[in-house]
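In: here is my input, please return the structure:
(chains A, B and C)
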Amino acid sequence: MNLKMLSGISLGRVAIYLILIVFALLYLAPLYVMLTTSLKDIEEIRSGNLLALPNDPTFYAWIKAWSSACTGSECNGLAPFFWNSVKIVVPAVLISTVVGAFNGYVLAKWKFKGSELLFGALLFGCFIPFQVILLPMAILLAKLGLANTVSGLVLVHVIYGVAFTTLFFRNYYVGIPTELVRAAQLDGAGFLNIFRHVFLPLSTPIFVVTIIWQFTQIWNDFLFGVVYSGPGTQPITVALNNLVNTSIGGKEYNVDMAAAIIAALPTLFVYVVAGKYFVRGLTAGAVKG
Amino acid sequence: MGHIQLNNICKSFGSTEVLKNIDLEIQDGEFLILIGPSGCGKSTLMNLIAGLEDITSGEIVIGGSDVSDKSPKDRDIAMVFQSYALYPTMSVGRNISFGLEMRKVPKAKREKIVAEVAELLQINHLLDRKPGQLSGGQRQRVAMGRALARSPKAFLFDEPLSNLDAKLRVEMRTEIKKLHQRLGTTIVYVTHDQVEAMTLADRIAVLKDGVVQQLGTPYEIYNDPVNHFVADFMGSPGMNFVECVVFNDKLIIESASKSYQLAVPCAKAIKDSGLESVLLGIRPEMLTDPKPYDDSGFVQEVCFDVEVVEPMGADTVAIGKWNDTEVQVRLSPESGEVAGEGFTLQVDTSKSIIFDPRSGNRIR
Amino acid sequence: MLNLLEKHLPKIVIAPTTVAMIVCMYGFILWTGLLSFTKSRMMPQWDFVGFEQYVRLFDNPRWHIALDNLFIFIFLFIAISLVLGLLLAIFLDQRIRNEGAIRTIYLYPMAISFIVTGTAWKWILNPGLGIEKLLRDMGFVDFEFRWLVDPDMAIYTIVIAAVWQSSGFVMAMFLAGLRGVDDNLTKAAKIDGASAIRLYWHIILPIMRPVFFSAIVILTHIAIKSFDLVQALTGGGPGYASDLPANFMYTFAFNRAQMGVGAASAMIMLFGVLAVLIPYLYSELREKKS
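Out: Predicted coordinates:
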C-alpha cells in the first residue's frame, strides 16, 4: 500500500507543481512578449513570431519611445510626460499620506460624537465610481484656475486618495492599544505630542504600505489624467495611450511596447522591491471596513 | 496632599448608568482598593479619577482642589495599567522619563530621577532595553517606575498584576506593599482578586452595579459584610449560605439525615424580623474537625457526610450538604476524612451572620 | 484658551477632510444627480426636464450595448477570476517550494496600469502579427483569432486582459483566507477521514465565504469602474461594440457635449455600485454586531 500511496501522492504533487508553473509562465508571457518586442526592429516583428527572442537586440525603440515618438501632434517621446507624472505623484502621495495619517489617528483614538459616522461616510468614498464626480470637479477646477494644471491634478488625487489613506491609517491605529494614549495623557502629552512620540515611531510599516498604494494608484491613473490635464500636463498613462493611438508613418509595435514598459517600470520596480507591503495595501484597501 | 474626595459621582454611557452617586473619601497616604465583579464600574471609576473620562455629574477633589473639569495631565496623578501600556518604541529609560520630558523637566534632573527610580525598583540594568525585550515582571516594574518618576499626588493601579503568572503575582504584591509603606503615597487600586484586596488594602470599597456596597477595612469586609453580595464576594473558599427554618430563636439544619438546632449571635434580631426562614452565612473555617474551645454557647458538634475531599496543602476542604445545600468545611490535612464517609464536625456559629433570604440584607 | 484648543484639536485636524468630503463627494454626487434632470449639453444649465435625460439614455442603443457588455464582462471576469484565483490559492497552499517567487509572479500584473495592460494585450491579440501569426507559424495554417476587430467578440478580449491583471489578486485574497483557517480544523477533518476534496468543499470553502463576498464586491467594483482598459485595448471599438458604461459616460459628457446624458449615465453607474455595496456593508455590519 505504501508504494501505491507514495507514488499517488508524488504524482499529485508533480501535477500541482506543473499547473503552478504553467500559470506562472502564462502570467509572465505578456511581460516577456513586451520586452522581446521592444528589442526587435520592425522588420523582425513583421517576419518573426511573437515568442521568438530578438535576433539582433536594438534599443532603437526604447530611445524613440523615450525621446522622439509622437504622442499626438508633438513628437518628444514619453520623457516630458514621465516627469509630469513624477510632478503629480510626489506631492499628491505625500500630502494624501500625511493627511490620512492624522485623520486615521483622530478616527481611531480621538473619537468624538459623529466620528464613526464621518468614518463611514469617508469609507463610502473609496467605492464611488468617479464618473459621478467628474463633471462638477471639472467645473470646480476651472473656477479655481487649476484646469489643465499639474496642481489641479494633485488636488484631485489628494481629495479622492484621502479616503483610502485615512482607512489605512485608521485600521492600523485601531490595533494600537488605547491605553498607550491614556498613559501618555497622564504623562502630560497632548494630541500632537502623543502622535509624534508614541504613534509616529510605530507607523513605519503603514506609511510604507500607504505610500506604495498611493504611488501605484496615482501613477497608474488614467481617468483623472485624461479628463483634467491639458497638452503640456498630461501624465504618462495618457501620453502612452496617445502614443499607441497615433499612427503617423505606420505602426511601430516595438516603440509601443518600449513605451508601455517605461510607463510600467516605476510601479513594477516598487512591486519588486517592496512586494510584501504592496500586497498588504491591496488586501487592506480592498477588504477592511 | 494626596487626599482624594469623590462627591456624588455619576457616570452614564448613553442611557446606561455605570456609576450611581459614588461618595468616597480617600485619605492622604491611604491604600484604597476598589473591588467588584467585571462590569461593576470599578475601572470606570478609576478612569474618572484619572480624568481619562468625563464625569456625568458630581465633583472630584484631589489635594484640596476641584479637578472635575481638568485634563489628566493637570491632575498630577500617575497610573499603572493592566497591560502596562509601555511605549513600545522607547527605551525603558525614556519610558520612565517621558512624563518628566513632557513637563519640561531639565535633562540632568530627569536622568537623576530615572536613576533613583531604577535603583528603587532594581531595573538599572534594563534602562537601555525596549519593552518588547522584557519579561512580564520586568515590564510591571517599568510601568511602576514610570508612575513613580513624577512623584505624583496619587497612584492609580488598574489590575496591575492580572497579567502575571501566579508566583510572580504574589511576589509583586509584596513589592507593591513594601513600596507603599516606603513612599506613603495615596494609592487607589482596582482589582477583582479578593486575595490582593485583603492583603494590600488599608480600606476596601466593594462595588456592584455602579454602587458602593461597603467601604471598610479588610477585617470589617471579611467579618462584618453588610449584605449577601459582599459576604459572598470575599473569601476563598467562599462563605457557605444555607437557608434555615427559624425555631425558638434557633436555626434548624439537617446534616447526615439528622436534625440540629444551631444557636446564633443575633437571635433577637431574627425574632424581631418575624421571618420564618433566614439565610445562614458561615465561613468554612468555622466548620472544623473537633478541637478544644472556650464555651461561648455557640459551639456544637454535628454529624457530617463527606461527598468530596479537596486537599489544598495547608488544609483540606471537604464538601457535604446541609439542608440539601452544598457546604464547604475546612479540616486539618491530618484529619484523614474520606469521601462517602461521615464524621463529627465542630460548628462554631459565633461569627455566623444572618441574611434576609429575599433582599440579601443583613439581619442584626 | 490653550486647553480649549487642545480639546478641539482632533476635530480641527479632521475638519479639512470633512469639508472636502462633503463638497467633493456628496455635494458633487448631488450636483451630478441634479444635472441629470436638466437639459444641459455643452455647459451646465438648470432647466429641469424631469427624467428626459434618462429616457434619452435608455433610448440610446449605444448605452444598451455598454450595459450588455458590462453584464458579460462582470459575469465572466468575476467567474473566471474567482475559479482561477481559488484554485491557484489552494495549489499554492500545499507547502510549495518557492511559493514566494510564484506568488510574486501571479500578482505583478496588479502593479501595472490598465493602460499598459491594454497596450500589451492589444499587441498580443493583434490579428495580423500576434497570437494568430504565432499559431499559423507553428503549422495551424487556418488558425484565426480576430476577436479584437470582431464586434461580437471584442468584449471578450477585455475579459482576458482583466482576468490576467486581477486574478492574481484574487489568489492572494484566497491564500490569506486559507492561511487564516484554524489548523486544528483540518487535522480534525483528516482524523475523521475526510478526503482532500471533501475537506475543501465541505469545511474550508464554507469558512471562506466572507472572502468570496469581499472578492465579488471588489471585482464588481473594478468592473463597473473599468474605463482605462477598454480605452487602451479596444478604444471601445470596433465602432462602439466594446464600450462599457464608464466609456459611454466619458464620451457623452466630454466629447459629445451631452452633459445631461453623461450625468444620467454616471448616476446609473453609482446606483449599480450601491446595489452591490449596500447589501455587502449591511451584512458586514450585522456580522460585526452579532
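
In: C:Gly201: neighbouring residues, count only.
Out: Not quite, residue C:201 is Trp, not Gly. 12 (other CB atoms under 10 Å in any protein chain shown). Where C-beta positions appear, they are placed from N, C-alpha and C, glycine not excepted.

In: that one: what's it in contact with?
Out: C:Trp201 is in contact with no residue at all, counting by CB atoms under 8 Å, 6 or more residues apart in numbering or on different chains.

In: ok, for the spatially most central residue of chain C, nearest residue in space, not its chain neighbours?
Out: Central residue of chain C (CA atoms, centre = their mean): C:Ile222, 1.7 Å from the mean position. Leaving aside its chain neighbours, C:Ile222 sits nearest to C:Ser166 (6.4 Å; criterion: CB to CB, 6 or more residues apart in numbering or on different chains).

In: separation between the residue nearest to the centre of chain C and A:Arg280?
Out: 19 Å (CB to CB, to the nearest Å).

In: mind listing the helices for the stretch 51-200 of chain A?
Out: A:60-67, A:79-109, A:115-124, A:131-143, A:150-174, A:178-186, A:191-194 (DSSP state H, counting those that start in this stretch).

In: same thing with the stretch 101-250 of chain B?
Out: With DSSP H, counting those that start in this stretch as the criterion, the stretch 101-250 of chain B has helices spanning B:107-121, B:136-149, B:166-183, B:194-200, B:218-223, B:228-233.

In: any bit of the host helix or strand of A:Met34 sitting next to chain C?
Out: Using DSSP states H and E, A:Met34 falls within helix A:2-38. Yes. Interface with chain C: helix A:2-38 contributes A:13, A:16-17, A:19-21, A:23-24, A:26-31, A:33-34, A:37 (CB under 8 Å from any CB of the partner chain).

In: what's the pLDDT at C:Leu2?
Out: Reported pLDDT at C:Leu2 in the predicted model: 62.

In: do the same with A:Thr37
Out: 88.

In: for burial, what's the neighbour tally of it?
Out: 27.

In: same deal with A:Cys70?
Out: 18.

In: again with B:Val195
Out: 14.

In: within range of chain B, give me the residues from chain C.
Out: So chain C meets chain B at C:Asn3, C:Glu6, C:Lys7 (CB under 8 Å from any CB).

In: so which of the residues you listed sit within strands?
Out: The strands, defined by DSSP state E, take in nothing from the residues of chain C next to chain B.

In: report the contact partners of residue 163.
Out: With no chain named, the answer covers chain A. Per CB under 8 Å, 6+ apart, neighbours of A:Ala163: A:Leu122, A:Leu123, A:Gly125, A:Cys126, C:Met21, C:Met25.

In: actually, chain C is the one I wanted.
Out: Counted by CB under 8 Å, 6+ apart, C:Val163 has contacts C:Leu76, C:Phe77, C:Ile80, C:Ser81, C:Leu84.

In: surely the third one and C:Val170 touch.
Out: No. Shown here, C:Ile80 and C:Val170 do not form a contact pair, counting by CB atoms under 8 Å, at 9.6 Å.

In: neighbour count for these two, which is higher?
Out: Comparing C:Ile80 with C:Val170 by other CB under 10 Å, the one with more neighbours is C:Val170, at 29 against 17.

In: pretty sure the more buried one sits against C:Leu86.
Out: Yes. Using CB under 8 Å, C:Val170 is in contact with C:Leu86, at 7.5 Å.

In: now, of the helices of the stretch 101-250 of chain B, which is deepest in the fold?
Out: helix B:136-149 (a mean of 24; mean count of other CB atoms under 10 Å in any protein chain shown).

In: ok, that one near chain A or not?
Out: Yes. Residues of helix B:136-149 are located near chain A by CB under 8 Å from any CB, namely B:Arg146.

In: quick one: contacts of that helix?
Out: Contacts of helix B:136-149 (CB under 8 Å, 6+ apart): A:183, A:187, B:78-81, B:84-86, B:92, B:95-100, B:113-114, B:117-118, B:120-123, B:126, B:131, B:134, B:155, B:160-161, B:163-165, B:168, B:171-172, B:176, B:179, B:183.

In: tell me the average confidence for it?
Out: On average, helix B:136-149 scores 91.

In: residues contacting C:Ser167?
Out: By CB under 8 Å, 6+ apart, the neighbours of C:Ser167 are C:Ile80, C:Ser81, C:Leu84, C:Gly85, C:Leu88, C:Tyr106.

In: including secondary structure, could the residues you listed go into a markdown table?
Out: Formatted as a markdown table, the contacts of C:Ser167 follow (DSSP: H, G, I helix; E, B strand; the rest coil):
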| residue | secondary structure |
| --- | --- |
| C:Ile80 | helix |
| C:Ser81 | helix |
| C:Leu84 | helix |
| C:Gly85 | helix |
| C:Leu88 | helix |
| C:Tyr106 | helix |
